[in-house]
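Visitor: Predicted model follows, preceded by the sequence.
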Number of protein chains: 2
Amino acid sequence: MLGRLYDTQECSAARTLELVGERWTLLILRDAIFRGYTRFSQFQQVLGVAPNILTKRLNALVDNGILRAVPTGRPDHHDYVLTEMGADLKPTLMALTAWGDRWVRPGPAIFVHDTCGTEIVQRFHCPQCDETVEHQDIRGEARPDFVPRG
Amino acid sequence: MLGRLYDTQECSAARTLELVGERWTLLILRDAIFRGYTRFSQFQQVLGVAPNILTKRLNALVDNGILRAVPTGRPDHHDYVLTEMGADLKPTLMALTAWGDRWVRPGPAIFVHDTCGTEIVQRFHCPQCDETVEHQDIRGEARPDFVPRG
């Protein structure tokens, strides 16, 4: 677990990694989001992870609202289905992948437009200037309505 | 360290987290990228992390090519400056932050266009259809020219 000092860091990026940054968890989410896997046996086969670890990771994702456990009818068997919260991790996985593709090595997957099969480009848009903005021209600033945790 | 089985997972998202997913590391990068910090004392003060841990994390980032250690002239003192590889993590941090802002709680920072101060929108673009694509309409597929690790 993280120490008290780390807990004082108000950071949404860090909070996201708290929930999904554990390594097997990320691969489970990749397979749920991009391969449509829902079954324990599917995750186990492709990941080759020990069943007790997989159980722990899936349960944590359910507890955190990222997956939903849906009874299959067989006793003690569930399908693990992405919630909206879970499905919304797709852009995060795409950003992590884009950086690894560029700076580590090209991985086995690309991301394409479902209807035409063309590779998708990630962009930043300024609604005021109505133009595409490079990340070099983006800065962080304080959220005006930020409420620190009480 | 990760086990052998995990190593067989060819995944750029996982490889990225290998390099930057450790929790303090992410916060160091946040402060380097969005606050422009370069000094050991700056990171130490804002993070409140033990000096030996901070040293370890900074050295790992230097070893992995994400920061560059630049001598300051004082013996054993360095500035830690982002490489292009490191600066290119900005979109990843923004994606992690956007998800945490939405699904955990709004954090203290927003990302704005440097020239006009307007909050930036993250988008996916299809160059073939020349339109903005929602993440629901993006799928993963096999990279045509993928070369597995030998």
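Guide: The structure has been received and is ready for your questions.
Visitor: residue farthest from the centroid of chain A?
Guide: Going by CA atoms, centre = their mean, the residue of chain A most distant from its centre is A:Cys129, 30.0 Å out.
Visitor: where along chain A do the strands fall?
Guide: Secondary structure of chain A (DSSP state E): strands at A:67-71, A:78-82, A:109-113, A:121-126, A:131-133, A:138-142.
Visitor: With respect to burial, which of those scores highest?
Guide: strand A:109-113 (a mean of 20; mean count of other CB atoms under 10 Å in any protein chain shown). Every residue, glycine included, has its C-beta placed from N, CA and C.
Visitor: Just want the angle from that one to strand A:121-126.
Guide: 60 degrees (axes from the mean of the first three to the mean of the last three CA atoms, to 10 degrees).
Visitor: and stretch A:65-78, C-alpha only, in CSV?
Guide: This file holds the C-alpha atoms of stretch A:65-78, laid out as CSV (Å, rounded to 0.1, in the frame of the first residue of the first chain):
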residue,chain,number,x,y,z
GLY,A,65,-16.9,-0.6,-10.4
ILE,A,66,-14.9,-1.2,-13.5
LEU,A,67,-16.3,-4.7,-14.2
ARG,A,68,-19.7,-6.1,-13.3
ALA,A,69,-20.0,-9.8,-12.2
VAL,A,70,-23.0,-11.3,-14.0
PRO,A,71,-24.1,-14.8,-12.9
THR,A,72,-24.0,-17.3,-15.7
GLY,A,73,-26.5,-19.8,-14.2
ARG,A,74,-23.7,-22.2,-13.2
PRO,A,75,-23.0,-22.1,-9.5
ASP,A,76,-20.2,-19.8,-8.6
HIS,A,77,-19.6,-18.8,-12.2
HIS,A,78,-19.7,-15.2,-13.4
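Visitor: Tell me, please, where in chain A the pLDDT is lower than the cut-off.
Guide: Within chain A, the segments meeting pLDDT under 70 span A:1-9, A:150.
Visitor: Can you pull up the most central residue in it?
Guide: Closest-to-mean residue, chain A, CA atoms, centre = their mean: A:Leu89 / 3.7 Å.
Visitor: In this structure that one contacts A:Leu17, no?
Guide: No: using CB atoms under 8 Å, A:Leu89 is not in contact with A:Leu17, being 11.5 Å away.
Visitor: Okay then, goodbye and thanks.
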